[in-house]
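Peer 1: Quick one, what's the 3D model for this:
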Amino acid sequence: QVSQTNGNCETAGHKVNDPSKGQSAISIQTTGKMGYVALILVTPSPPTLATENGQRKVITWMQTKKVNYREVDAVDEKDVRNELTAISNIKGNYPQVFITDSENETKFIGTFEEIENLVELDGIDPEVLAKNP
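Peer 2: This next block holds a predicted model:
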């Protein structure tokens, strides 16, 4: 199965294991210094303009911050989608962002709204954040 990656992504490869054999559908090999890859679960047919814009913004933020990422197409990669939505416990809400580390441990980071809040907090002085959790 062919995976779609962006130009900034430093993944050496991606393969989909066979979940019917008890294997995780998510398998990422990283070569980047950080040893992780952000997975962005997207839909190729956004139901609303807000969803489409949210997906575009998250991808733009990843590119701007030079984050290693890979888009996961919710339609073409159903096994990966099912595993990711089992982690997030959210279905039908796109985009969703996850982090997979060098040990192939995947953690849910958030939906568009949570990622937008993180991006907005990026420009705030850490002392202000510490005083206002």
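
Peer 1: Give me the residues contacting the longest helix along the chain.
Peer 2: Longest helix in the chain by number of residues (criterion: DSSP state H): helix 49-64. With Cβ atoms under 8 Å, 6 or more residues apart in numbering as the test, helix 49-64 has contacts from 6, 8, 38, 40, 42-43, 46, 67, 69, 71, 94-95, 97, 112, 115-116, 119. No exception for glycine: its C-beta is placed from N, CA and C like everyone else's.

Peer 1: how about low-confidence regions in the protein?
Peer 2: 1-34, 123-133 (pLDDT under 70).

Peer 1: all helices in it, in order from the N-terminus.
Peer 2: All helices of the chain, identified by DSSP H, fall at 49-64, 78-88, 112-121, 126-131.

Peer 1: Now distance to residue 102 and mean neighbour count too, for these, in TSV please.
Peer 2: Shown next, in TSV, are the helices of the chain (distance: least, Cβ to Cβ, whole Å; neighbours: other Cβ atoms under 10 Å):
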stretch	distance to residue 102	mean neighbour count
helix 49-64	18	16
helix 78-88	18	18
helix 112-121	22	14
helix 126-131	27	8
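
Peer 1: between these, which gets nearest to residue 103?
Peer 2: helix 78-88 (14.9 Å; Cβ to Cβ).

Peer 1: Can I get that closest one in CSV, CA atoms only?
Peer 2: Taking C-alpha atoms only, helix 78-88 is exported to CSV below (Å, rounded to 0.1, in the frame of the first residue of the first chain):
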residue,chain,number,x,y,z
LYS,A,78,-9.5,2.1,6.8
ASP,A,79,-7.4,-0.2,9.0
VAL,A,80,-5.2,2.7,10.1
ARG,A,81,-8.3,5.0,10.5
ASN,A,82,-10.0,2.4,12.7
GLU,A,83,-6.9,2.0,14.9
LEU,A,84,-6.5,5.7,15.3
THR,A,85,-10.1,6.4,16.1
ALA,A,86,-10.0,3.6,18.7
ILE,A,87,-7.1,5.5,20.3
SER,A,88,-8.9,8.9,20.2
